[in-house]
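>>> what would the 3D arrangement of this be:
(chains A and B)
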Amino acid sequence: MRRIRIKGDVIFKQIIMVITTILALYPVIWLISIAFKDKNQYLENKFFFSWPLQMVSFDSALRGGRFFLWFMNSAIMTVGSVILCTIIAVFAAYAFAKMRFKGQDLLMNILIALMVIPVVVLIVPLFILYTQTKLMATYPGMIIIYAAVCMPFSVYLLTNFFKTIPHEIIEAGIVDGCSSFTILTKVVMPLSGPPVTTLIVVNALWIWNELLLALVFLPKDNLRTLIVGITVFKSKYNLEVPTTMAGLLLTTIPMVVLYIVFQKFFIRGLTAGSIK
Amino acid sequence: MYLKTRKLTPYIYLLPMILILLFIYGYSVVKVFDFSFRRIRGITGVFVGFDNYKFVLVDPIFRHSVLNNFQLFLLIPFLVFFSIIFSVLLFERLRGWRFYRVSLFLPYILAIPVAGTIFGYMFTKNGIINEILRALGLDFMAIDWLGNPKFALWTLMIIILWKEIGFGIALFLARLMSVDESIYDSASIDGASWWGKLIFITIPQLRNIITFFSIITIINMLSWVFAYSYTVTLGGPGWSTVVMELYIFNKLARSQTPNLGMASAASVILLLITIVFIIISYRVRRRGEVVE
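This next block holds a predicted model:
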């Protein structure tokens, strides 16, 4: 009797999980299935894959928009911001974790407070400043904003990690007469692969997918990022659903690959903020 | 234990961070207050007192946007409930749990504009969702999801739930992994039911993380929903899905008559609302700790 009841339980849970998984996956599967259709196939069957799979929509997506240009813009923005943010954050976190200075707690509290400032609050003042200083619609202007917005979380996460590096290891460096900079590059950094990877993955995903700042600060067509490009693209090719879907799929692939390759680091980064 | 350094050395390491934060955050936060009291023409403007605030606060579109942001808070109990249920089911390592975990987390990886565009097509009046509902004989549910101002924001909330739930599940699952499993073993011996274990063991264990997740979600629903509103409905139909961020963006970039003073005033109001909610949630959290 008891056995049967337990089995019924498991079946019930499996049913719940299967339904939920279908709900979670179906929009993504739908995206993929529509991207592989031509116009007529889409009119015939809007639910699922049609055979044979067609590549026409990818073709028109790549030709219709300025896809490669947007892709390069996204890549430059993402790589540039991530590098800038990571380097600055490593230096700052090192000071927070391994040195004593006046105003240390205050500065850390300010950093934590900055994490909750809505990004949209920045756009009006920076819009006016950027128009004035010709930083508007430039790579460096955009990269500085992204690096700054990623900064508080990055410094916070790295500080917590650097604090866990045992002092004995660092003391060995001191005995050898190393400067604080040499200790950072020769002792601390070689131990910091995992947290730095986590940071790079989380920040890259955020910047690649960001819409609001890119819309405001990159108003020229030849500087658009992929995300802005496809948002515009959608309204331009409103009738051709398969073409839009192909464009969306191409935009998504780099980040899905990044997620699959670095899954472990990614989850760690998302949950890091919660561990106090 | 700390490195012995000269007094100035730490500040040299901190300098780049301080400079970039002062430039982007320091400058903006000071200036947004300043601009909110001015009628901006070009790069600055004459002082007009609280005029911009008055205009914003009597603007029905702004009022609507605030209420819309607040309506999004209704998602929090749903997000928490479903995150608990699914993280527990994953934690029980049902057959296939690894596949379920990747699947449930996938929506969180997608860019909001990508998800927004997909659902924008799926939820149209003759879109796939209504066709499926009709095929299932649920014609009464085949409503105009995004075209009817009564339903549009609720539809947007379904999309947000779909996309954000993965974060909650990942967060709760990570916490459950670190729970001492012997508590569950002894509870099982005592004959505790599944729901009993959930309510008396799991939820107390997750309490801090539930609070953390709720605070994060409050912040997000106030200040990180622009992309949903912009890509799915552009705030429409009417003003039914305008959020504060979109209001500010429109006043800056999309209106025929941009009004940067009003955009600044709205920004300050959003900032103050955010701060108030954070203070409230920390108060609640501290009270919870005192009770404990």
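>>> and the closest residue to chain B within the stretch 1-150 of chain A, how many neighbours does it have?
Closest residue of the stretch 1-150 of chain A to chain B, CB to the nearest CB: A:Pro118 (3.2 Å). (Glycine included, C-beta is placed from N, CA and C.) Other residues within reach of A:Pro118, judged by other CB atoms under 10 Å in any protein chain shown, total 21.
>>> how about the helices in the stretch 101-250 of chain B?
Listed in chain order, the helices of the stretch 101-250 of chain B (DSSP state H, counting those that start in this stretch) span B:112-122, B:128-135, B:152-177, B:182-189, B:194-197, B:203-223, B:226-228, B:244-249.
>>> same question for the stretch 151-276 of chain A.
Here the stretch 151-276 of chain A has its helices, by DSSP H, counting those that start in this stretch, at A:167-175, A:180-183, A:193-208, A:212-217, A:226-236, A:241-261, A:263-272.
>>> of the helices of the stretch 101-250 of chain B, which is nearest chain A?
helix B:203-223 (3.2 Å).
>>> wait, does that closest one make contact with chain A?
Yes - interface with chain A: helix B:203-223 contributes B:Ile209, B:Phe212, B:Phe213, B:Ile219, B:Leu222, B:Ser223 (CB under 8 Å from any CB of the partner chain).
>>> buried stuff in that helix?
Under the neighbour-count criterion of 16 or more other CB atoms under 10 Å in any protein chain shown, helix B:203-223 has B:205-206, B:209-223 buried.
>>> and it, what does it pack against?
helix B:60-72, helix B:75-91, helix B:152-177, helix B:244-249, helix B:260-291 (3 or more CB pairs under 8 Å, 6 or more residues apart in numbering or on different chains; DSSP states H and E).
>>> and the contacts of it?
Applying CB atoms under 8 Å, 6 or more residues apart in numbering or on different chains, the contact partners of helix B:203-223 are A:116, A:118-120, A:273-274, B:69, B:72-73, B:75-76, B:79-80, B:83-84, B:160, B:164, B:167-168, B:171-172, B:175-176, B:179, B:183, B:244-245, B:270, B:273-274, B:277-278, B:281, B:284-285, B:288.
>>> could you dump it to CSV, C-alpha only?
Output in CSV follows, covering the C-alpha atoms of helix B:203-223 (Å, rounded to 0.1, in the frame of the first residue of the first chain):
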residue,chain,number,x,y,z
ILE,B,203,10.9,27.6,4.6
PRO,B,204,12.5,28.5,7.9
GLN,B,205,15.9,27.4,6.5
LEU,B,206,15.2,29.6,3.4
ARG,B,207,13.9,32.6,5.4
ASN,B,208,16.9,34.9,4.9
ILE,B,209,17.2,34.1,1.3
ILE,B,210,13.5,34.7,0.7
THR,B,211,13.9,38.2,2.3
PHE,B,212,16.9,38.9,0.1
PHE,B,213,15.1,37.7,-3.0
SER,B,214,12.1,39.8,-2.2
ILE,B,215,14.2,42.9,-1.7
ILE,B,216,16.0,42.4,-5.0
THR,B,217,12.7,41.8,-6.8
ILE,B,218,11.2,45.0,-5.3
ILE,B,219,14.2,47.0,-6.6
ASN,B,220,13.9,45.3,-10.0
MET,B,221,10.2,45.9,-10.3
LEU,B,222,10.8,49.6,-9.6
SER,B,223,13.8,50.2,-11.7
